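Enquirer: this is a predicted model, with the sequence first.
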Amino acid sequence: MGFCTPDQHEAFLDSAPEFEDMLRQGGITLIKYWLDISLEEQTERMEARRLDPLKSKKISSIAKHALAKFDDYTEARNLMLQRTSTSFAPWTIARERTASGQQGYQSSKTFSPDLTIPARMQV
């Protein structure tokens, strides 16, 4: 995706849990949330930003191309969740409530490092 080299990405995935453990050993409690948004919701958000002059400034150069790379970003996200969720600093995944039209977020669930993530919306 061009944000870093493969070696830099691998170094991050290896070092993030080690860094978080150092923070924990120093008395810091880490709470990590991942807001999961479906492709449909992200598409709707981008369209609303495109049409609303007040929201149009929210469209970054990256956001313009992100929808086309949604599957790649999902794959990278899954790898990151698997490699950086630990017993002392697990990821909590929150999913926006869009299907029912309700405001707010569905109840979150803690990601388990041994959990296999089969598809984006099944997290």
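Expert: Yes, it's here.
Enquirer: how about the strands in the chain?
Expert: Secondary structure of the chain (DSSP state E): strands at 32-36, 91-95, 109-110.
Enquirer: any chance of CSV for the ones you listed, columns mean pLDDT?
Expert: Shown next, in CSV, are the strands of the chain (pLDDT from 0 to 100):
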stretch, mean pLDDT
strand 32-36, 90
strand 91-95, 88
strand 109-110, 58
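Enquirer: just name the most buried of the ones you listed.
Expert: For the strands of the chain, the largest average neighbour count (mean count of other CB atoms under 10 Å) is found in strand 91-95, namely a mean of 18. C-beta here means a position set from N, CA and C on the backbone, and glycine is covered the same way.
Enquirer: from the contact counts, what lies against it?
Expert: strand 32-36, helix 70-84, strand 109-110 (3 or more CB pairs under 8 Å, 6 or more residues apart in numbering; DSSP states H and E).
Enquirer: quick one, which of those gets closest to Lys57.
Expert: Between Lys57 and the helices and strands packed on strand 91-95, the shortest gap by CB to CB is with strand 32-36, which sits at 20.9 Å.
Enquirer: okay, now the unreliable bits of the protein?
Expert: Residues of the chain meeting the criterion pLDDT under 70: 1, 97-123.
Enquirer: my guess is Phe88 contacts Phe19. True?
Expert: No - judged on CB atoms under 8 Å, Phe88 makes no contact with Phe19 at a distance of 11.9 Å.
Enquirer: just grab the bridge partners of the spatially most central residue of the chain for me.
Expert: Nearest to the centroid of the C-alpha atoms of the chain, with distances taken as CA atoms, centre = their mean, sits Trp34, at 4.7 Å. The partner list for Trp34 in beta bridges (DSSP bridges) reads Ile93.
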